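1. Have a look; sequence and predicted model below, questions after that.
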Amino acid sequence: MKLDTLPRFHLAEFPTPIQYLDFLTKKYQGPAIYMKRDDLTSLGMGGNKTRKLEFLIGEALEQQKDTLVTAGGIQSNHCRLTAAAARKAGLDCHLVLNGTEPEVPNGNLLLDKIFGAKVHFCDRKDRDERLFQVADELETAGKKPYVIPVGGSNSTGSVGYVSAMLELANQMNDMGFIPDAIVFATSSGGTQAGLTLGGKITGFNGEILGISIDQIKTGPDPFPPVLTQITNATAERIGSDIRMTESDFSLNCDYLGAGYAMPGDLEFNAIKDLAHHEGILLGPVYTARAMGGFIDLIQKGYFTNDQTVLFWHTGGTPELFAWADQCHRAFG
């Protein structure tokens, strides 16, 4: 494989720690719960997108680009970290965010502005088109834009989570444990693609379960083909002959609640559980939904008390401040 020869820009300190969640394990009477703390990556208040951005920015710099352009929701963790990474790499940053500009920014949007990103607001239906319009406008103005897809989820970004799975394999060897399953929040698919491919490469035999925070499984199911496409393109990029089919992915879409970025009791109960029992914060959009789903699966017997499960914390803590009123009502 040519993983080590791909262009990469250093953004954070790895490996991120793995912690045993003793009190949470006791509360739910097993399985033994561990957590991989990608919320503790050192860039811009942390999160999983940092791993993807190391390879995306490495490629942008190799192509001599001077401006990053990406898109997401108004509280996008990916956009916040792209803005932070751009500054560390000496690049400009433009963000296309679907939503209405608030009078006073908070959460991730406030951090976008602190990092000096230029924000373009639009309707959700226009976001993809607007992303490339902004890139075209920058190019016309003499800039050299590098467009990053939503979530950094392409074959370049997903290499970051192949690397993460190799990192985990070394940590498991040092710690002397192998989880029966890895559970995490999944959305645009890049993290899940990288972890699943990395699992094949490292010989991990447990379940790699993505809990969807916004993708709905209906009819022919449009999401797994996206995972297959990203994963196989990533394998080709790193020089692996592994190829995946839709049956290689484990995806749970049962915890979508009222929809994307609309947390409810499931999410706020998970936030309270982790805060009160482990002193760990979850973001209400991604990690709280995934943790809430994980806890529900434990209670339904999907995981048994003799198993070991690793929950991969993908970040999102700044989201909490954008839901301050809801948090106050839930915990006040």
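-> Arrived safely, thanks for sending.
2. Pull up the gap between the nearest residue to Glu278 once chain neighbours are set aside and Ile295, please.
-> Here the nearest residue to Glu278 in space, its sequence neighbours aside, is Leu21; by Cβ to Cβ, 6 or more residues apart in numbering that works out to 5.4 Å. From N, CA and C alone the C-beta is placed, and that goes for glycine too. In this structure, Leu21 lies at 11 Å from Ile295, with Cβ to Cβ, to the nearest Å as the measure.
3. tell me the contacts of the residue nearest to Glu278?
-> The neighbours of Leu21, taking Cβ atoms under 8 Å, 6 or more residues apart in numbering as the test, are Ile33, Tyr34, Met35, His277, Glu278, Ile280, Phe311.
4. that's a helix at the last one, yeah?
-> No: the assignment for Phe311, made by DSSP: H, G, I helix; E, B strand; the rest coil, is strand rather than a helix.
5. what's the neighbour count on it?
-> Taking other Cβ atoms under 10 Å as the neighbour definition, Phe311 ends up with a count of 25.
6. repeat for the second one
-> Burial of Tyr34, expressed as a neighbour count using other Cβ under 10 Å, amounts to 21.
7. State the three-state secondary structure for it.
-> For Tyr34, the reduced secondary structure class is strand; criterion used: three-state DSSP.
8. Do you know the pLDDT at it?
-> In the predicted model, Tyr34 carries a pLDDT score of 98.
9. how much space between it and Cys79?
-> Between Tyr34 and Cys79 the computed distance is 29 Å (Cβ to Cβ).
10. quick one: contacts for Asp92?
-> With contacts defined as Cβ under 8 Å, 6+ apart, Asp92 is in contact with Asp66, Thr67, Leu68, Ala86, Lys118, Lys143.
11. Doesn't Ala261 lie inside a strand?
-> No: Ala261 is assigned coil when assessed by three-state DSSP, not a strand.
12. Quick check: it touching Gln75?
-> Yes: with contact defined as Cβ atoms under 8 Å, Ala261 counts as touching Gln75 (6.6 Å).
13. The two: who's more crowded?
-> Residue environment comparison for Ala261 versus Gln75 gives the larger neighbour count to Gln75, 24 against 19, counting by other Cβ under 10 Å.
14. is it true that that one touches Ala322?
-> Yes: shown here, Gln75 and Ala322 form a contact pair, counting by Cβ under 8 Å, at 5.1 Å.
15. Spit out the residues that contact the two alike.
-> Between them, Gln75 and Ala322 share the contacting residues Gly107, Asn108, Leu109, judged by Cβ under 8 Å, 6+ apart.
16. Sitting in helices, which of these do you find?
-> In helices, defined here by DSSP state H, the members of the shared contacts of Gln75 and Ala322 are Gly107, Asn108, Leu109.
17. Contacts only, for the first one.
-> Read that as Gly107. When contacts are counted by Cβ under 8 Å, 6+ apart, Gly107 is found next to Gln75, Pro318, Glu319, Leu320, Phe321, Ala322, Trp323.
18. Give me the pLDDT value at it.
-> Per-residue confidence for Gly107 comes out at a pLDDT of 97.
19. follow-up on the earlier one: I'd like the contacts of Gly107 laid out as a markdown table, including pLDDT.
-> Shown next, in a markdown table, are the contacts of Gly107 (pLDDT from 0 to 100):
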| residue | pLDDT |
| --- | --- |
| Gln75 | 97 |
| Pro318 | 97 |
| Glu319 | 96 |
| Leu320 | 96 |
| Phe321 | 96 |
| Ala322 | 95 |
| Trp323 | 95 |
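20. Burial check on Ala193, number of neighbours?
-> Using other Cβ under 10 Å, Ala193 has 32 neighbouring residues.
21. swap that for Glu101, please
-> Using other Cβ under 10 Å, Glu101 has 11 neighbouring residues.
22. Excluding chain neighbours, what is closest to Gly190?
-> Across the structure, with Cβ to Cβ, 6+ apart as the measure, the residue nearest Gly190 apart from its sequence neighbours is Ser153 (3.1 Å).
23. Please apply the same query to Asp112.
-> Going by Cβ to Cβ, 6+ apart, Asp112 has Ala83 as its nearest residue, at 5.0 Å.
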